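Visitor: model this:
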Amino acid sequence: MADYVIAIDQGTTSTRAIVFDKQGNIVSVGQLEHEQIFPRAGWVEHDPMEIWRNTREVIGLALAKADITRHSIEAIGITNQRETAVVWDRTTGRPVYNAIVWQDTRTQDIVDRLAADGGVERFKDTVGLPLATYFSGTKIAWILENVDGAREKAEAGDLIFGTTDTWVLWNLTGGANGGVHVTDVTNASRTLFLNLETLEWDEEILAAFGVPRSMLPEVKSSSEIYGHAAPASLLREVPIAGILGDQQAATFGQAAFGKGEAKNTYGTGNFLIFNTGEEIIRSENGLLTTIGYKLGDQPTHYALEGSIAVTGSLVQWLRDNLGIISSAPEVETLATQVEDNGGAYIVPAFSGLFAPHWRPDARGAIVGLTRYVDKRHLARAALESTAFQSAEVLQAVNADAQVPLSELKVDGGMTANDTLMQFQADVLGVPVVRPVVAETTALGAAYAAGLAVGFWKDLDELRANWQEDTRWEPRMDESERARRLRLWGKAVTRTFDWVDEDV
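Guide: Numbers count the residues shown, from 1 in each chain. This is a model prediction of the structure:
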């Protein structure tokens, strides 16, 4: 048996390849950012060909840094930005349009059109999701309706769709020369097309969206051999054996395998996932019902999810758009220079508000400004907005699951910010726990792949790998916590009803 598993983490801002050993430790990392394309306000795109080029290069970087070859790799796992949609020609392998990113809001007219008959929850009983620009389905429909010749080619069977896991897998297994057109259940559950109970594409919903069934990938479990890397790959003949959407992968990497376990990932956005076991819980409080994971022929595990669009990207906005900071870590340096936010609250509804509000009409706002407020207070308010948004989501989880969370496992880049993590514990009123290996997204994909080929024996072995690094205990008293959350709630309401026909 080989010594390592490699995970390809195709994220919103970069693509990484990470080599893991048997203990779940990182051996090496290759990483490249890709361009964020903003053609118009509310439009966000990526170049799929750039993503594929970067994928090949980061694999080479990771192997070189570890000083190993494909012979040392037992399996390949893939994790990805989930709802981002790619449509390409199955014969040429060329995309017909850029990837439309999960943050993109251009499809609101399609959402409104579909919601005219039954409202935004028209398909929710079947797919667990409200109609929203966030999910892949409306993005595919937009491409078919707006790209010249796309509808005709799709109906002729020439175009295929995939989230970026499928795009990477298809290319890695040969592309136009025999590439495997597959996705896993977790990514499929983010399209608006998958029946959560049968795990099959819903023909009636596809017809309502005008999307041909022939475009869609085959749905497989999260842990099985889908195919092998093509001869031209540096990883040729190595099995690709695990796929999990990024947030489900992070949950898996946190070893939150059982009912009632949860994690919160702090990245471009924030995503809290609460494992509901084999039970489908349909949220009454603005959360998504989604698939957590499925290992081979074993039962499907479901989850509740609170998706927050803008957290880490708010820090990027302070840096790139306002110039308040010159690097992301500077936000903590500024924030610690003041004791509080000075009364200022930032609600970053740049693309509307996701969970638990689902208000596409909302837009970002900074409220509570006085002459006293300076950039230090704004830096602190930016960090606090991440914690407040997560607190709202956790309150919804507690209401739906009726099992109050006793602690929160966290991961992602922003968890390196101790100030934020302490404030998160304070406004939640429960401990916040960070693991030793914070790269849980890639680790989860590696785990899924390794389980499929016997590199790891079972979930108990993976649980034994998890180790606590830092724990933050809440220090804020209950009355102050309630006051801060009340003010945050007032700030959120100020963002509503901004978008109308004239905006």
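Visitor: and A75, what's its pLDDT?
Guide: Note on A75: pLDDT of 97.
Visitor: surely it and V5 touch.
Guide: Yes. Here A75 reaches V5: they are 5.2 Å apart, a contact under Cβ atoms under 8 Å. (C-beta placed from N, C-alpha, C; glycine too.)
Visitor: those two: who's more crowded?
Guide: Neighbours per residue (other Cβ atoms under 10 Å) separate A75 from V5, with V5 holding more: 32 against 26.
Visitor: just checking, that one is part of a strand?
Guide: Yes. Assignment of V5 by DSSP: H, G, I helix; E, B strand; the rest coil places it within a strand.
Visitor: return the set of residues that bridge with it.
Guide: F20, A75 (DSSP bridges).
Visitor: correct me if wrong: it contacts I73.
Guide: Yes. Between V5 and I73 there is a contact under Cβ under 8 Å: 6.9 Å.
Visitor: ok, back up a step: shared neighbours of A75 and V5, anything?
Guide: With contacts taken as Cβ atoms under 8 Å, 6 or more residues apart in numbering, A75 and V5 have 449-450, 455 as neighbours in common.
Visitor: which of those has the largest number of neighbours?
Guide: A449 leads the shared contacts of A75 and V5 on contacts (other Cβ under 10 Å) with 34 neighbours.
Visitor: so that one touches I76, yeah?
Guide: Yes. If you go by Cβ under 8 Å, A449 and I76 touch, sitting 6.0 Å apart.
Visitor: between those two, what contacts are shared?
Guide: With Cβ under 8 Å, 6+ apart, A449 and I76 have common neighbours 5, 7, 239-242.
Visitor: need the contact list for N264.
Guide: Contacts were defined as Cβ under 8 Å, 6+ apart; by that measure N264 touches 270-272, 390, 394, 408-411.
Visitor: let's see that with 7 Å instead.
Guide: Residues near N264 by Cβ atoms under 7 Å, 6 or more residues apart in numbering: 270, 272, 390, 408, 410.
Visitor: which non-adjacent residue is nearest it?
Guide: L272 (4.4 Å; Cβ to Cβ, 6 or more residues apart in numbering).
Visitor: quickly run through the sheet partners of the helix or strand containing that neighbour, with directions.
Guide: Here L272 sits within strand 270-277, counting by DSSP states H and E. Using DSSP bridges, the strands paired with strand 270-277 are strand 262-266 (antiparallel), strand 301-308 (antiparallel).
Visitor: could you dump the shared contacts of A449 and I76 to a markdown table with pLDDT?
Guide: Below are these laid out as a markdown table (pLDDT from 0 to 100):
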| residue | pLDDT |
| --- | --- |
| V5 | 97 |
| A7 | 98 |
| P239 | 97 |
| I240 | 98 |
| A241 | 97 |
| G242 | 97 |
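Visitor: so which residues of the stretch 251-400 of the chain form helices?
Guide: Secondary structure of the stretch 251-400 of the chain by DSSP state H, counting those that start in this stretch: the helices cover 312-317, 330-335, 375-401.
Visitor: so for Q103, which of those helices sits nearest?
Guide: Taking Cβ to Cβ, helix 312-317 is the member of those nearest to Q103, at 8.0 Å.
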